[in-house]
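K.L.:
return a 3D structure for these sequence lines:
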Amino acid sequence: MKKTLNWLFDYPNLKVYQYEEGFKFSIDSILLFEFAQIKKQDRYILDFCTGNAVIPILINYKYQKKVVGIELQEEVFQLAKDSVLYNHMENFITLIHDNILNVRNYFPGNNFDVLLCNPPYFKWNETSYVNQSEIKKIARHEVEIHLQEIMELARYVLKSKGRFYLVHTPERMDEVIVYANQFGFGVKEIQFVHSKIEEKPIVVLFTLVKDGKFGTTVYAPKVIRNRNSYQGIFDRKK
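P.N.:
Here you go, the predicted model:
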């Protein structure tokens, strides 16, 4: 597959590697980064399903924080390594090539302040219609890991009161909430994102807090159609 180097949307100082006809990062990763609130006291940050390392690169660029990213697919992991090197962030971003099911092999429990995840969205079985590309199939469908397992591992890696920022499809919002409650997360914030306001949302963003109390803030929907920039799109006051 031919590898290309592309600007990272409206961050003119950053570029990432992608495959022309294979893996490409989605706007969902940008939205997840913009939605996440990284605080001064946050020392340990982890990105599940890191892809070509868009989220770690953005976090290091904006907040000067060290980040760990975990990616399963060898081809995509190489894109992440090359992207980190291109942006001169190899001393700040650690990449792990493995299934996040094996995260216990790398870190003790109750270790991270912040976790982010842009997971595979769609359920999969042998009768599912999936893209013929193996890379796209694993990135988009729950072939290697399921939502419930992600939530269980989030519980493991995060400190008490640690924050888990998750993006997912509105159609699976009920599952996210059920599994969050099952594994002891408070659903603290929900943000719907629309292409057009008159259409149903395309994604929903969550702030989940380990050992958090009940009580959820649902923000006014955000419309992304025809935006020239995604920076600062989420205003917690609205």
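K.L.:
read off the pLDDT value for residue 169.
P.N.:
For residue 169, the pLDDT comes out at 95.
K.L.:
so how far is residue 55 from the closest residue to it other than its chain neighbours?
P.N.:
Leaving aside its sequence neighbours, residue 169 sits nearest to residue 121 (C-beta to C-beta, 6 or more residues apart in numbering; 4.9 Å). For glycine as for every other residue, the C-beta is placed from the backbone atoms N, C-alpha and C. From residue 121 across to residue 55, the span is 16 Å (C-beta to C-beta, to the nearest Å).
K.L.:
ok, now residue 120?
P.N.:
On the measure of C-beta to C-beta, residue 120 and residue 55 end up 16 Å apart.
K.L.:
more crowded one of residue 121 and residue 55?
P.N.:
A count of neighbours by other C-beta atoms under 10 Å puts residue 55 above the other of residue 121 and residue 55, at 27 against 18.
K.L.:
ok now the helix or strand hosting that one, how far from the chain's centre?
P.N.:
Per DSSP states H and E, residue 55 falls inside helix 54-63. Put simply, helix 54-63 sits 12 Å off its chain's centre (C-alpha atoms, centre = their mean, to the nearest Å).
K.L.:
buried residues in it?
P.N.:
Residues 54-61 are the ones in helix 54-63 that count as buried (16 or more other C-beta atoms under 10 Å).
K.L.:
paired strands for the one helix or strand residue 13 maps to, with orientation please.
P.N.:
Using DSSP H and E, residue 13 maps to strand 11-19. Strand 11-19 has the following strand partners under DSSP bridges: strand 3-8 (antiparallel).
K.L.:
neighbouring contacts of the strand it pairs with?
P.N.:
14-20, 54, 57-58, 79, 82, 86 (C-beta atoms under 8 Å, 6 or more residues apart in numbering).
K.L.:
for the closest residue in space to residue 168 that isn't next to it in sequence, give its distance to residue 6.
P.N.:
Nearest residue to residue 168 in three dimensions, chain neighbours excluded: residue 176, at 5.7 Å (C-beta to C-beta, 6+ apart). Distance of residue 176 to residue 6, given as C-beta to C-beta: 30 Å.
K.L.:
quick one, which of those two is more surrounded?
P.N.:
Comparing residue 176 with residue 6 by neighbour count (other C-beta under 10 Å), the higher total belongs to residue 176, at 22 against 15.
K.L.:
any idea how far that one lies from residue 223?
P.N.:
Distance, residue 176 to residue 223, using C-beta to C-beta: 22 Å.
K.L.:
report the contact partners of the residue lying closest to residue 19 once chain neighbours are set aside.
P.N.:
Counting by C-beta to C-beta, 6+ apart, residue 1 is the residue found nearest to residue 19 once chain neighbours are left out, at 4.4 Å. Residue 1 makes contact with 19-22, 75, according to C-beta under 8 Å, 6+ apart.
K.L.:
let me know the closest of the residues you listed to residue 168.
P.N.:
residue 22 (23.0 Å; C-beta to C-beta).
K.L.:
before we move on, the earlier item: list only buried entries from the contacts of strand 3-8.
P.N.:
Buried members of the contacts of strand 3-8, counted by 16+ other C-beta under 10 Å: 14-19, 54, 57-58, 79, 82.
K.L.:
the strands in this protein, which residues?
P.N.:
Taking DSSP state E as the test, the strands found in the chain are 3-8, 11-19, 45-48, 67-71, 93-97, 112-117, 158-168, 185-194, 203-210, 217-218, 222-223.
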